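Student: what's the 3D shape of this:
(chains A, B and C)
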Amino acid sequence: MRTWIEKQKHLIDFTLASLMRRKAKNLGLLFIYTLLVFVLASAALYTHALRQEAQKALAGSPEIVLQRLIAGRHDLIPPGYIEKIGRIRGVQKIEGRLWGYYYDSVVKANYTFMAPRDMQIERGEIIVGPALERSRGLAAGNGISFRAYTGELFTFIVADVLPQSSELVSADLVLMNEEDFRAFFKIPPGYYNDIALSVANPQEVRNVAIKLLTALPDSRPILRDEVLRTYASIFDWREGIMLTLLAAAILAFGIFAWEKAAGLSAEEKREIGILKAIGWETGDVIKMKFWEGLLISLTAFLVGYLAAYLHVFYFSASLFEPVLKGWAVLYPRFTLPPHIDGLQVATLFFFTVVPYTAAVLTPIWRAATTDPDTVMRA
Amino acid sequence: MRVVFVRPANFALLLLAAALAAFLLSFADAARLRLARATASAAAAALVTQLKLTDPVLFTEARYTRHLSQADLQSAFQDHPVAFEHFPSGSLVIPPAGVIAPYENLDRKAKAPD
Amino acid sequence: MIELVGIRKAFNQGQHNETWALSGIDLTIPAHRVTALKGPSGSGKTTLLTILGCLARPTAGRVRLKGEDISGLPERFLTEIRRQTFGFIFQQFNLVRGLSAIENVILPAYPTGRPRKALLEKAEALLADVNLAHRRNARVEWLSGGEQQRVAICRALINDPEILIADEPTANLDSQLAKEFLAILEKLADAGRTIILTSHDPLVVEAALVDRLVTLRDGRIVETVDKPERRIRRAAS
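Tutor: Next up, the predicted model:
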């Protein structure tokens, strides 16, 4: 056993000496490889953790949200609509929601205005989300004016700012009193934006939705399951887009690595010939090259992954911010709890280590099996 | 003149072992951070239940991307053709076909007309 | 020590450019003696050397090493035997560029898994024997021709082989260095190693250290001369 370990160490000694001979090229290769793993791992870790967080946060959404459509377009819920639903078995609560968008030309952003039922807000007061605190400098006690779509100017005093820890779902919210809301958007009493329903039994949700459709043919039920699943695939999409953009870089690296590993120079062929002549077996040459592939790819994987972990969970993926934010002016600031998908990490490991090691070994096969006497005839 | 203090193989294997240890440690650290940051997640979840929210605030470039699950698909050109909301992400976020299929009978198109 | 019976070696067999480098060699290499192979280029010297040193297999015939038939052995065993029994000094030295002298010397011992410390100590001793200890860490491409050859000699000795094989050892050396090389070789021969060399250099072929001179021509042995001078000299001293 000790002999075996010592022999592997000898092979590693030789491999390292070989690599050091072209220090710049090999260090460059290692650096780029590590960088590639870093970007890929960052994308994978970030998207996966974000997906888990979003799912957890939205677990308490209403099971069904009912919208009303006129000529295929969204319309307000009129008075009496809710009563038409009647008594459907399994529905525990039916509540109209009041919310809408407001475009703030000062920061060129859309806010979500809401009149919550379960929160007590005085007339003339608003509770704002943390992003507004940042972008408009709002704090408790400040005043702010909004110009309604009728041209009228409304002024509000900020009563409170929503907690920073809830930013993922609350960053752009402006919560106000119901009467203020109706006055601002000119929505008459009895009209609602949509209806939120809670259903106790998850198996019953789809049946309830079908019953709703039967009772109200012009409605559009949106199920929470649907929402969660769509968000899961959106995150897959965004990750996919990022990877597609990276594809050019990955391809370039692949070509570089292949050229480096698969092209055996005359010098390297001669060297292998010498090794065989002085007593190395074919197997020894192959093992030595295997160590070369493994050392480089394993180092790239471990260092790249660690850097990605720190980048995503300690530095909030700040390098990705421009890509993820897009043109959004109000981007929530949140620290992601690390949810790591072991399968993703294992896949990354596999695709980092195996192809590169194979690329290093493949050209060696031929050279390693040459007869040892070829060196004599050179 | 090269003077080697440490055997190259030992040095390389040591570095690799250290990296591997750090790698494994990162999983333990992830578990620790999960616990530490759990209260923040709870705050968000509580607000969702209280206000009956349906979407995270991740895509605020345009109105129709803000509440993806509630989107009225005609909103892209609502104000005027070069409105600020005209942003490519809307074209990237159509629900996949696999989600539509189980909900066919909620979609009027699936039912035969009377 | 080594017995060759009916050795024939062909290259590109079955193709239009088929050549027979050796056409029937019967040869015995005595142990603890210096055997020189002499002949013009194309006579098959180098080919014979590769077969003697287990670097290549004959197309026909048997090779016996210390009484054991090794012609049919698989590569693994052959390589191990070669590593333990033979040390090679090539005409072009064939040192690995980019490595230091001492690293080159210990290279043939890597597959054995012997501890590095022991190998380095042995290499130091070998280099000291040829007065090269002060150049142990120098890159081999910075060494002079004579120094490189001495490194090659040390490399050939790292596994403590019984048989040393040198192919045209003085071809790249001037007379002074050639004489120095022969002196080193004589020391090794006196210590009991079996030595086989090929050369067409009269300095080597007529040197006093040669015990047996084998002349080759067109793939056949034309003459074998046993020279008793060294044996007598040693017996006398």
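
Student: which element is residue 40 on?
Tutor: I went with chain A, as the question did not name one. helix A:23-57 (DSSP states H and E).

Student: tell me the helix or strand right after that helix.
Tutor: Counting by DSSP H and E, the next helix or strand C-terminal to helix A:23-57 is strand A:64-70.

Student: partners of that following strand in the sheet?
Tutor: Sheet pairing for strand A:64-70, assigned by DSSP bridges, gives strand A:73-75 (antiparallel), strand A:194-199 (antiparallel), strand A:219-223 (antiparallel).

Student: in whichever strand or helix holds B:L16, what's buried?
Tutor: Following DSSP H and E, one finds B:L16 within helix B:8-36. For helix B:8-36, burial by neighbour count (16 or more other C-beta atoms under 10 Å in any protein chain shown) applies to B:8-9, B:12-13, B:16, B:19, B:23, B:26, B:29-30, B:33-34. Quick note: C-beta positions are derived from backbone N, CA and C, even for glycine.

Student: just stretch C:118-128 next, same as before
Tutor: Neighbour counts over stretch C:118-128 (16+ other C-beta under 10 Å) mark C:119-120, C:122-123, C:126-127 as buried.

Student: now do stretch C:32-43
Tutor: Buried positions in stretch C:32-43, judged by neighbour count with 16+ other C-beta under 10 Å: C:33-39, C:43.

Student: pick the one among those residues closest to chain A.
Tutor: C:L37 (13.3 Å; C-beta to the nearest C-beta).

Student: surely that closest one touches C:V214?
Tutor: Yes. Assessed by C-beta atoms under 8 Å, C:L37 is found in contact with C:V214 at 5.1 Å.

Student: low-confidence ranges in the stretch 201-350 of chain A?
Tutor: A:237-239, A:242, A:245, A:248-249, A:260-263, A:323-328 (pLDDT under 70).

Student: again, 90 this time
Tutor: By pLDDT under 90, the weakly predicted segments of the stretch 201-350 of chain A are A:201-274, A:276-283, A:293, A:316-337, A:339, A:341-344, A:347-348, A:350.

Student: chain C contacts on that one?
Tutor: Taking C-beta under 8 Å from any C-beta of the partner chain, the part of the stretch 201-350 of chain A that reaches chain C is made up of A:267, A:271, A:274-275, A:277-284.

Student: secondary structure class of C:C54, three-state.
Tutor: Assigned with DSSP: H, G, I helix; E, B strand; the rest coil, C:C54 falls in the coil class.

Student: which element is the residue nearest to it when sequence neighbours are not counted on?
Tutor: Ranked by C-beta to C-beta, 6 or more residues apart in numbering or on different chains and with sequence neighbours excluded, the top spatial neighbour of C:C54 is C:R82, at 4.3 Å. Under the criterion of DSSP H and E, C:R82 resides in helix C:75-85.

Student: before we move on, back to that, out of the buried residues of helix B:8-36, who's near chain A?
Tutor: Answer for the buried residues of helix B:8-36 near chain A (C-beta under 8 Å from any C-beta): B:8-9, B:12-13, B:16, B:19, B:23, B:26, B:29-30, B:33-34.

Student: still on that earlier bit, give the buried residues for whichever helix or strand comes after the helix holding B:L16.
Tutor: Scanning forward in sequence from helix B:8-36 by DSSP H and E, the next helix or strand is helix B:38-51. In terms of neighbour count (16+ other C-beta under 10 Å), helix B:38-51 has its buried residues at B:40-41, B:43-48, B:51.

Student: likewise stretch A:92-101?
Tutor: A:94, A:96-101.

Student: what is the nearest of the residues you listed to C:E75?
Tutor: A:Y101 (77.0 Å; C-beta to C-beta).

Student: who's in contact with A:I195?
Tutor: The contact partners of A:I195, taken as C-beta atoms under 8 Å, 6 or more residues apart in numbering or on different chains, are A:65-66, A:77, A:81-82, A:85, A:94-97.

Student: ok, the spatially most central residue of chain C - contacts?
Tutor: Most central in chain C under C-alpha atoms, centre = their mean is C:I165, positioned 0.8 Å from the mean C-alpha point. Taking C-beta under 8 Å, 6+ apart, we find C:I165 in contact with C:49, C:52-53, C:86-89, C:156, C:195-197.

Student: helix or strand next in line after the helix or strand in which it is found, which one?
Tutor: Here C:I165 is covered by strand C:163-167, with elements defined by DSSP H and E. Sequence-wise, the next helix or strand downstream of strand C:163-167 (DSSP H and E) is helix C:175-190.

Student: now do the buried residues in that next one.
Tutor: In helix C:175-190, counting by 16+ other C-beta under 10 Å, buried: C:177-178, C:180-182, C:184-186, C:188-189.

Student: what's the answer for stretch A:133-143, then?
Tutor: A:133-136, A:138.

Student: repeat that for stretch A:195-203.
Tutor: Within stretch A:195-203, the residues scored as buried using 16+ other C-beta under 10 Å are A:195-199.

Student: identify the farthest-apart pair in these.
Tutor: Between any two of the buried residues of stretch A:195-203, the greatest separation by C-beta to C-beta is 12.6 Å, found for A:I195 and A:V199.

Student: how far away is the spatially closest residue to B:A40 that is not a sequence neighbour from chain C?
Tutor: Leaving aside its sequence neighbours, B:A40 sits nearest to A:S165 (C-beta to C-beta, 6+ apart; 3.7 Å). Here the criterion is C-beta to the nearest C-beta, to the nearest Å. By it, A:S165 lies 57 Å from chain C.

Student: then A:F181?
Tutor: A:F181 sits 77 Å away from chain C, going by C-beta to the nearest C-beta.

Student: which SSE is the residue in chain C that chain B sits nearest to in?
Tutor: Taking C-beta to the nearest C-beta, chain B has its nearest neighbour within chain C at C:N137, 5.5 Å off. Using DSSP H and E, C:N137 sits in no helix or strand.

Student: give me the number of residues near A:W4?
Tutor: By other C-beta atoms under 10 Å in any protein chain shown, the residues close to A:W4 number 9.

Student: give the contact list for B:T39.
Tutor: By C-beta under 8 Å, 6+ apart, B:T39 lies in contact with A:S165.

Student: ok, now which ones touch A:L50?
Tutor: The contact partners of A:L50, by C-beta under 8 Å, 6+ apart, come to A:235, A:336, B:58.

Student: if we use 7 Å, what do you get?
Tutor: Going by C-beta atoms under 7 Å, 6 or more residues apart in numbering or on different chains, A:L50 touches A:235, A:336.

Student: for it, give its distance to A:F301.
Tutor: Counting by C-beta to C-beta, to the nearest Å, the gap from A:L50 to A:F301 is 23 Å.

Student: got it, and A:D341?
Tutor: Taken as C-beta to C-beta, the span from A:D341 to A:F301 is 16 Å.

Student: if we can go back for a sec, the helix holding B:L16 vs chain C: in contact?
Tutor: No. Counting by C-beta under 7 Å from any C-beta of the partner chain, chain C is not contacted by helix B:8-36; separation bottoms out at 8.3 Å.

Student: which strands and helices sit next to that helix?
Tutor: When contacts are defined as 3 or more C-beta pairs under 7 Å, 6 or more residues apart in numbering or on different chains; DSSP states H and E, helix B:8-36 sits against helix A:2-21, helix A:282-314.
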